[in-house]
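Visitor: Have a look at this prediction, sequence included:
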Amino acid sequence: MGQDLIRRAMESRRLAHANMFTGEDLEEKRRAAQSLAAGLLCSNRPGTYGGCGTCRECGLISDQAHPDFIVARPEGATIKLAQINALRREAAMQPVRGEVRVFVIEQADLMTREAANALLKTLEEPPGHSYFILLVKEPARLPDTVRSRCVPFDFGPLPVERAADVLADRLGLPRDEALMLASLAGGRVARAEEMAAEEAFLELKERADSFLERVPGLSAEEVLALAAEVAGNRADADLFISLLQHGIRLRLGRALEPLSCTDAILHLERIRSLLQSNVNPLLAIEALLLSLRSGLKRV
Ligand SMILES: [Zn+2]
């Protein structure tokens with residue numbers, strides 16, 4: 001993970017002057033930037049990631065009051081040229097208390113094009129006492145020129161449980177649904193938010209729910225028609241299987257009889273691995289739905 005690589009870069013004195021922390025969670029990247037700054041400015045344990053946590057320098061950093069630890073963040077929807085120009089002037093000045101200055105740009109992917117171009121000039125020839133840390137959620141939104149100047153440290157997706165908390169909070173979703181989205185998106189909050197807004201996803205989910213609500217009371221014709229609607233391609237078929245799995249777990253013991261759910265989930269796993277091979281997705285989903293229709297029992 002990002003933190004370990006930063007720690008190693010710092011403690012082996014290979015830390016670059018321009019760094020980029022990428023990942024979902026701003027708070028996590030913020031904490032890492034602060035630990036890095038503490039390591040650079042701490043008077044007790046200089047060069048140690050996180051610093052000592054007790055000296056005056058570490059205290060000022062954690063209070064966001066250290067004159068050599070400077071943070072820029074969006075004003076409104078973007079980070080503007082004037083903000084970056086102010087930061088560049090600071091970067092050219094000598095440190096106030098310590099030997100280095102640390103500049104953090106939060107949500108750096110929200111820099112305007114002019115702001116990014118201005119920053120680039122400083123990143124191309126950073127003053128020897130200055131370290132830059134760009135906190136970025138979507139690196140693709142930064143100009144290539146800026147991105148290629150920075151050493152990337154990836155903080156990756158969130159643990160599914162944490163991602164679900166963020167989603168529940170941000171989208172006002174019930175916990176169950178947030179958890180399902182978080183897990184389908186592999187802990188990537190931005191991806192989960194996209195999914196939650198996608199028409200195709202919502203339709204598949206509605207079909208999975210309606211199937212599980214009505215099972216086993218559907219006719220064979222209805223089941224085959226449903227299979228034709230959801231198994232247009234391998235990716236949809238795979239997502240539909242995930243939605244069924246989540247739907248069954250949600251209803252386990254509440255609407256559906258537990259043992260029949262366990263069997264169904266195992267069966268879904270088998271069909272999922274079949275789909276990875278060359279099996280026809282429509283045939284696989286037809287067979288699957290017919291077997292769930294007779295296998296799933298209501299409580
Ligand atoms: Zn310290």
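Guide: Yes, it's here.
Visitor: can we go C-alpha only for contacts and neighbour counts from here?
Guide: Fine.
Visitor: where does this structure come near the ion, residue by residue?
Guide: Listed as neighbours of the ion in the chain under the rule Cα under 5 Å from the ion: Cys42, Gly51, Cys52, Gly53, Cys55, Cys58.
Visitor: Looks to me like the second one is in a strand.
Guide: I take that to be Gly51. No. Counting by DSSP: H, G, I helix; E, B strand; the rest coil, one finds Gly51 to be coil, located in no strand.
Visitor: and it, how many neighbours does it have?
Guide: 23 (other Cα atoms under 10 Å).
Visitor: how near is it to Glu222?
Guide: Distance, Gly51 to Glu222, using Cα to Cα, to the nearest Å: 64 Å.
Visitor: next one: the first one
Guide: Distance, Cys42 to Glu222, by Cα to Cα: 68 Å.
Visitor: How about Ser294, nearest residue that isn't a chain neighbour?
Guide: Pro216 (6.2 Å; Cα to Cα, 6 or more residues apart in numbering).
Visitor: The one you found and Arg293 touch, don't they?
Guide: Yes. Using Cα atoms under 8 Å, Pro216 is in contact with Arg293, at 4.8 Å.
Visitor: mind listing the helices in the chain by residue range?
Guide: Under the criterion DSSP state H, helices of the chain are mapped to 2-11, 26-41, 56-62, 81-92, 113-124, 144-147, 160-171, 175-184, 189-197, 199-214, 220-230, 234-251, 258-276, 281-295.
Visitor: What would the last one look like as PDB? C-alpha coordinates only.
Guide: Right, helix 281-295. Included here for helix 281-295 are C-alpha records, laid out as PDB according to Å, rounded to 0.1, in the frame of the first residue of the first chain:
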ATOM      1  CA  PRO A 281     -24.200 -16.900 -21.500                       C
ATOM      2  CA  LEU A 282     -27.900 -17.200 -22.500                       C
ATOM      3  CA  LEU A 283     -27.900 -21.000 -22.100                       C
ATOM      4  CA  ALA A 284     -26.100 -20.700 -18.800                       C
ATOM      5  CA  ILE A 285     -28.500 -18.100 -17.400                       C
ATOM      6  CA  GLU A 286     -31.600 -20.000 -18.600                       C
ATOM      7  CA  ALA A 287     -30.400 -23.200 -16.900                       C
ATOM      8  CA  LEU A 288     -29.500 -21.200 -13.800                       C
ATOM      9  CA  LEU A 289     -32.800 -19.500 -13.400                       C
ATOM     10  CA  LEU A 290     -34.800 -22.600 -14.100                       C
ATOM     11  CA  SER A 291     -32.800 -24.400 -11.400                       C
ATOM     12  CA  LEU A 292     -33.200 -21.500  -8.900                       C
ATOM     13  CA  ARG A 293     -36.900 -21.400  -9.600                       C
ATOM     14  CA  SER A 294     -37.300 -25.000  -8.400                       C
ATOM     15  CA  GLY A 295     -34.500 -24.900  -5.800                       C
END
